[in-house]
Structure formats: structure tokens, C-alpha cells
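Trainee: Quick one, fold the following:
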Amino acid sequence: MTAIKPTVRKGQYAGPLSREDFRQRFMRRFYDPAFQTEREALERLEAIAWNAYEEGRKAPVTVKAGPGYADPDYDLSVEWTDTRDRLERAAATQRDPHAPSRVLVIVGASRNDGTCPGEVSKSWRLAGIVQDELQAGAIQTDMLDLSRLTSEYEYQIHPCKGCVSTAMPLCHWPCSCYPNHSLGQSNDAMAGIYEQWVAAHGVILVAPTYWYQSPSPLKLMIDRLVCADGGNPDPTLTGGKDPLKAKQVELAGWPYPKHLAGRAYGLVVHGDVAGIEAQRRGLADWLDWMGLVDAGAASRLDRYISYYRPYATSHEDLDRDHAVQQEVRNVARAMVHFLPRLRSGEFEGMDQGIRDPRPK
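Mentor: Down below sits the predicted model:
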């Protein structure tokens, strides 16, 4: 078969904003009349921001990559190198056989009582049951509540830009797309979230079903974890974000490293009308693909709570549903029982000699 020469297709991007459009968008951040006492200062700041935008200063503070990188003289973002260093330290602790088992409990709902809904989510309550059961089993726990995206100032997960679809090595581990200061894309929560995933021996994800799908904060995190499945730990190898170089690297032979493989997972998916089975299967398929291992049949749960009943009394329905509460406890108990076996190496070599003919 004749080798295909990679090309880079262009034409979709509409181009940069005009000076006036940029100014209007910048100033909307200061819509509150209280800011008008500092109008002259805002004008000066807007001019600086425009200059950064015009020059594309994505990473204004950099450091030389140094030894161990394909291009030691490449200028890496200090924010990226800080995240990389924290992930390396977290990975070293996670691999320590004497370190206590650690599980990340993720609340995938958008709702909390600090913003418009004015009430806690059932997912948060169920995650509390999971956390209590894990701690009773002497497991260290971290809680990641993704509803913070809706209620916390400048706590954001920016959307995945789809680098992997151009070429896998263009997708860096950890993600180097953010922050992009020239576009005002800062305060990205994923740097800390990557660290929580790397530090964990197991992950239990608790999520409601919104319109047959995962809630948007959860899906944002899922998409940004694509770099954990085949991502490139050396941005200098692709000259940063050079698409042609990345295509050439991939075609030369890319190993698609699975940076989170070998961790255990559990799932609690709930809903009130429809769609829970599909979402649970989708989440399990995603975690399986990344190389995580389910903690047994009891660790994967989908249940209806307050089935076809009013939203207004759904918390009261959960109070009465002692069976589902026990099933959620069982997800955590499955993890408690499974982790010692996983960490002892009992499951190592189960796929030895099995070669994936189509790694990706």
C-alpha cells in the first residue's frame, strides 16, 4: 500500500476579532457600574489585553525544556511545567506500595445550593454515602465536586480543542492548550483535576442523567481527559502545536501511552425517567478504554430515584429508598475489597501475550 503523505487542511477559522469587537467583549467583564470609577485604568488594561491578543501571547512566561526533551531549547510554559511536576510527584506516591489506598469520588451533577437551584444534588448526597463507606474501610478519599463550575468564581473547565483528531502527539499530557492568556482562557481547573486522577488508586463516579446524557461539567472533564489516553508527554517533540510535525510523529509510530491505566473504577448513575443504562454503559466503556479496571459487578450501578414523580419531592423519595442507598454503599464496599488485590499485582499479566492490532 502506498504511504499517505499527511497534509494540514485550512479554511474553517473565521479570523481574529476586530479591534472594536475585542474592546466590547473585554469591557463586558466590567459591566457592573461600580467599575466605572476606574474607567481610565480599564482602558489601559484593555489596551494591554489587545496587544497580547494581537500578538498571540498564549504563554507569556516560559522556561527552557532542558534535558530529557526532544528539543531542550524549546520554551515551555511555566504553568505547564508546574502541572507536569505535580503529576510526577503524585504518580510517584501512587506507585509507592506502602502508601495508603486512595480513591477519588467525583460528583458529576451541575446542581448545588450555592447557585440558582438553591438545593444540593442527589449525586452529592450519594457521593457522601460512598465517601463515608470508603473511609470506614480505611481508604483515603478525595472529593471532586464538578458543580463548582456553576457556583464558584472563575472555576472553569475549558472545552477540549480536539487536537487528538489532527494527530495524537499533538495532544499533550498534561493538556497544554490551556491556559491561553491571549484569549483570556485562564483559571482552568483541569491542572488540579489531572493531579487528583493521577494520585488515585481508584475512582468512583456519581452522576445524574441529564437529557439521556452526562451533565455538561462531567462531559467537559471527560473530553479533557483524552490526553490521558495516548497523550504526548513531550510538547517539544511536536514543536508545541505544529500540526504537520505531529502528523509525522504519529505516522512514524506512536505508542499511545495510557497514563491512567491500572486504576480501579466504580460507577453510580441515577435518573428519574430514562437514559440511565446508556449513560452507565458509556461511562464504563470510556473508563475501560482508558485502561481502568472495574471493581466487580457490584461496583457498577444504575438506578432510578423518584421514578416519574415530581422533582419537588425527589430528595424525600431518596430518603425513603433504603435499597438504593445500600446499593450505593455496595459500590464503595466493592472498591474497598478490590483495591488490595489490584495493588498486590493479582491482576498483572492477565492480558499478557494479547496484542492490540489497532492501538489508538
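
Trainee: only C-alpha atoms for contact and neighbour calcs from this point on.
Mentor: Fine.

Trainee: Now the phi/psi pair for Arg89, please.
Mentor: phi -70, psi -40 (degrees, to the nearest 10).

Trainee: What's the local residue count around it?
Mentor: Neighbourhood size, Arg89 [other Cα atoms under 10 Å]: 13.

Trainee: Okay, it and Glu195: tell me how far apart.
Mentor: 9 Å (Cα to Cα, to the nearest Å).

Trainee: Now for the chain: which helix has the highest residue count?
Mentor: Criterion DSSP state H: the longest helix present in the chain is helix 322-343.

Trainee: May I see the buried residues of that helix?
Mentor: 324-325, 327-336, 338-339, 342-343 (16 or more other Cα atoms under 10 Å).

Trainee: and that helix, what does it pack onto?
Mentor: The elements that helix 322-343 packs onto, with contact taken as 3 or more Cα pairs under 8 Å, 6 or more residues apart in numbering; DSSP states H and E, are helix 122-136, strand 202-208, strand 264-271, strand 300-304.

Trainee: and it, average pLDDT?
Mentor: The pLDDT scores in helix 322-343 average 98.

Trainee: same deal with stretch 148-158?
Mentor: What stretch 148-158 shows for mean pLDDT is 97.

Trainee: How about stretch 171-186?
Mentor: For stretch 171-186, the per-residue pLDDT averages 98.

Trainee: same question, stretch 44-54
Mentor: Stretch 44-54 carries an average pLDDT of 98.

Trainee: what does it contact?
Mentor: Contact with stretch 44-54 is made by Arg19, Phe22, Arg23, Phe26, Met27, His181, Ser182, Leu183, as judged by Cα atoms under 8 Å, 6 or more residues apart in numbering.

Trainee: Please convert the buried members of those into ChimeraX selection syntax.
Mentor: Restricted to buried positions by 16+ other Cα under 10 Å, the ChimeraX selection for these reads:
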select :23,26,181,182,183
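
Trainee: quick one: which two of the contacts of stretch 44-54 are the most distant?
Mentor: Arg19 and His181 (17.3 Å; Cα to Cα).

Trainee: returning to what we had before: out of the contacts of stretch 44-54, who's nearest Asp82?
Mentor: Using Cα to Cα, these come closest to Asp82 at His181, 16.3 Å.

Trainee: Just to check, that closest one is in contact with Arg57?
Mentor: Yes: His181 is in contact with Arg57 according to Cα atoms under 8 Å; the separation is 6.6 Å.

Trainee: what number of residues lie near the closest residue to Pro257 other than its chain neighbours?
Mentor: Leaving aside its sequence neighbours, Pro257 sits nearest to Gly230 (Cα to Cα, 6 or more residues apart in numbering; 4.4 Å). Applying other Cα under 10 Å, we find 22 other residues in the vicinity of Gly230.

Trainee: what's near enough to touch Gly230?
Mentor: Per Cα under 8 Å, 6+ apart, neighbours of Gly230: Met168, Pro169, Pro255, Tyr256, Pro257, Lys258, His259, Lys360.

Trainee: pretty sure the first one is touching Pro235, no?
Mentor: No: in this structure Met168 lies outside contact range of Pro235 using Cα under 8 Å: 11.7 Å.

Trainee: Many thanks, have a good one.
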